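*Asks:* build me a model from this:
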Amino acid sequence: MRLWQRLFLAFAALSGLALFAFVAWQQQNFRHGFLSYLDEVTLQRLEPARTRLTAAYAEHGDWDFLRSDPALLGELIEPGPGAMRRFREDAQRAFDRAPPDGHAREFAVPGEESVRQDGQEGPPGPRSTEPDALRDHDPRRSPPHPHGPPDLMSRLLLTDVDGKPVAGNRTIAGNALALPLLFDDKPVGTLRLARQSQINAAVDLAFSRTQTADALIVGAAILLGALALAFALARWLLAPVRALATATQALAAGDFGQRVTTARTDELGALAQDFNRLAATLERHRDARQRWGADIAHELRTPLSVLRGEIQALQDGVRAATPAALDSLHAECARLGNLIEDLYQLSLADAGALDYHFEPIDLDELVDEALAQQQRSCADVGLMLDRALASLPAVRGDARRLTQLIDNLLANARRYTDAPGRIHIELAAFEHQAQLVIEDTAPGVPAEALPRLFERLYRVEGSRARSAGGAGLGLSICRAIVDAHGGTIEAHHSLLGGLRIVVRLPFADGAAT
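*Replies:* Down below sits the predicted model:
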């Protein structure tokens, strides 16, 4: 399975899990909210029942009539023919017990105005001789409760003012919804409604199923959109990875000209830029290796050709075996031996096999000794050595390798400086480092050649050419030695008209400037 496919599956699984959790939470929340809504609707529909219960309490003066006949609670909640008959009988008995002075008896029903029973007009107008509780809630005018009396009655409990059960389901818990009953603004009891635990009514069930189906349809549509987006996102995110994979395969096959083009600025964009730098470095190394092989073959061919020609001339008797001829042969052999030794030193440096014995070194004394050995050879070619050496703290280095560094730099200056000329050596402190400067007089080095002076087998054509006798390896060996000491080496134009080499080496730990 490819990476973009795994990423797509991860996105899809995450989207599906999140959507499933949301739908489950939404359905649970809907169920809880819908049940609470149904309970509130039931409470509102029990308002007429509260009026009837208050009227019945006003007629009897207490709840004993319900304690003796609990079934009457259902008829008061949902009036039927039996309830109407009993209410009419109670009303008639109350009317027969009216005061002899002919004044009408009033039924005080909380939330309603007083009702006269004598049929006479009274404020605010003529009323029926039936109590309002019977007339206003005639079963012919009020439809039965949509949930039906049996289901509703199992959820009701009537308690008196002391909280003692009067009628109804006595197992209803204390967290039931309460509907207080007031008579003359005083509590006379409480009608308790148990909370609904599940949806039972056909209409409610149909509504719930519709909501569930709609939620599933919307969830499926969102999931399909999320899958499409995850597919596109996975392909887009991994487009640079595919390009990198293709370019890496080409690079492994030897095509070092491969580059990855991307405008992204994230981690993948940075990875593409790193790949481009790696490819460019490998390309430079390949070109350098090719030049290195060609240059080595050319450097070895020259002294061998000279040796072969001179030996053949001696063999053919064209040239006599004089001391001068033998000296020429010896010089070519020495040149060939120096080239081989330089190549060997560079190979050791590349392999990290150059041996170093680091210890505190007085660099000024080391430079002074090297100048003393080079003084005679410089004077022989018409060059003057002058120095400006400061006494510095010790540097951490290998005395033998640092002497080799100084000798190579002085030999390079002597070889490529025209006579009469001058070589200036300066040693001073620079930003907690020892700075060694070796500069010479004309000829100089072109600006474009300065960065390449430390490349192997590189020589500046013209003034600093092969005729001077160098193979272009001395400065490369110098850079390897300086790098091993944790320092830096740079080439600049000299104010004297020639080349300026600047070497900086760190002081030994604990040395003060």
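
*Asks:* mind listing the helices for the stretch 251-400 of the chain?
*Replies:* 267-316, 323-351, 363-380, 399-415 (DSSP state H, counting those that start in this stretch).

*Asks:* quick one: the residue nearest to residue 407 when sequence neighbours are not counted and residue 409, what's the gap?
*Replies:* Spatially, and ignoring its direct neighbours in sequence, residue 407 is nearest to residue 370 (6.0 Å; C-beta to C-beta, 6 or more residues apart in numbering). Where you see a C-beta, it was placed from the backbone N, CA and C, and this is true even at glycine. According to C-beta to C-beta, to the nearest Å, residue 370 stands 9 Å off from residue 409.

*Asks:* neighbour count for the two, which is higher?
*Replies:* The neighbour comparison of residue 370 against residue 409 (other C-beta atoms under 10 Å) goes to residue 409, with 23 against 19.

*Asks:* what's the more buried one in contact with, if anything?
*Replies:* 438, 478, 501, 503 (C-beta atoms under 8 Å, 6 or more residues apart in numbering).

*Asks:* pLDDT check: weakest of those?
*Replies:* The lowest pLDDT within the contacts of residue 409 belongs to residue 478, with 89.

*Asks:* Three-state assignment for that residue, please.
*Replies:* Three-state assignment for residue 478 (DSSP: H, G, I helix; E, B strand; the rest coil): helix.

*Asks:* run a quick neighbour tally on it.
*Replies:* Other residues near residue 478 number 22, with proximity taken as other C-beta under 10 Å.

*Asks:* looks like it contacts residue 489 (just checking).
*Replies:* Yes - shown here, residue 478 and residue 489 form a contact pair, counting by C-beta atoms under 8 Å, at 6.2 Å.

*Asks:* mutual contacts of these two, please.
*Replies:* Joint contacts of residue 478 and residue 489 (C-beta under 8 Å, 6+ apart) are 454, 503.

*Asks:* so residue 419 is in contact with residue 383, correct?
*Replies:* Yes - using C-beta under 8 Å, residue 419 makes contact with residue 383 at a distance of 6.1 Å.

*Asks:* more crowded one of the two?
*Replies:* Higher neighbour count among residue 419 and residue 383: residue 383, with 22 against 13, using other C-beta under 10 Å.

*Asks:* got the contact list for the closest residue in space to the more buried one that isn't next to it in sequence?
*Replies:* Of all residues not flanking residue 383 in the chain, residue 421 sits nearest, at 5.1 Å (C-beta to C-beta, 6+ apart). Residue 421 makes contact with 382-384, 440-442, 498 under the criterion C-beta under 8 Å, 6+ apart.

*Asks:* ok, of those residues, which one's closest to residue 180?
*Replies:* residue 498 (111.5 Å; C-beta to C-beta).

*Asks:* now for the helix or strand that contains that closest one, which elements pack on it?
*Replies:* Element membership of residue 498 [criterion: DSSP states H and E] is strand 497-506. Other helices and strands packing on strand 497-506, by 3 or more C-beta pairs under 8 Å, 6 or more residues apart in numbering; DSSP states H and E, are strand 395-397, helix 399-415, strand 433-441, helix 474-484, strand 488-493.

*Asks:* cutoff 7 Å now
*Replies:* strand 395-397, strand 433-441, strand 488-493 (3 or more C-beta pairs under 7 Å, 6 or more residues apart in numbering; DSSP states H and E).

*Asks:* point out where the stretch 401-513 of the chain drops to low pLDDT.
*Replies:* 459, 461-472, 510-513 (pLDDT under 70).

*Asks:* typo on my end, it should be the stretch 101-250 of the chain
*Replies:* For the stretch 101-250 of the chain, the stretches flagged by pLDDT under 70 are 101-151, 198-205, 207-208.

*Asks:* what segments of it are strands?
*Replies:* Here the stretch 101-250 of the chain has its strands, by DSSP state E, counting those that start in this stretch, at 156-160, 165-168, 177-183, 186-193.

*Asks:* can you tell which of the ones you listed is closest to residue 309?
*Replies:* Judged by C-beta to C-beta, the one of these that comes nearest to residue 309 is strand 177-183, at 120.6 Å.

*Asks:* buried residues in the closest one?
*Replies:* Neighbour counts using 16 or more other C-beta atoms under 10 Å place 177, 179, 181, 183 of strand 177-183 among the buried residues.

*Asks:* now flag whichever of the residues you listed is closest to residue 296.
*Replies:* Closest to residue 296, out of all of these and judged by C-beta to C-beta, is residue 177, at 100.1 Å.

*Asks:* can you tell me the closest non-neighbouring residue to the closest one?
*Replies:* Once flanking residues are discounted, residue 177 sits nearest to residue 193: 4.4 Å by C-beta to C-beta, 6+ apart.

*Asks:* go on, residue 56?
*Replies:* Looking at residue 56 with C-beta to C-beta, 6+ apart, the closest residue is residue 76, at 6.0 Å.

*Asks:* from residue 70, how far off is that neighbour?
*Replies:* In this view, residue 76 and residue 70 are 11 Å apart by C-beta to C-beta.
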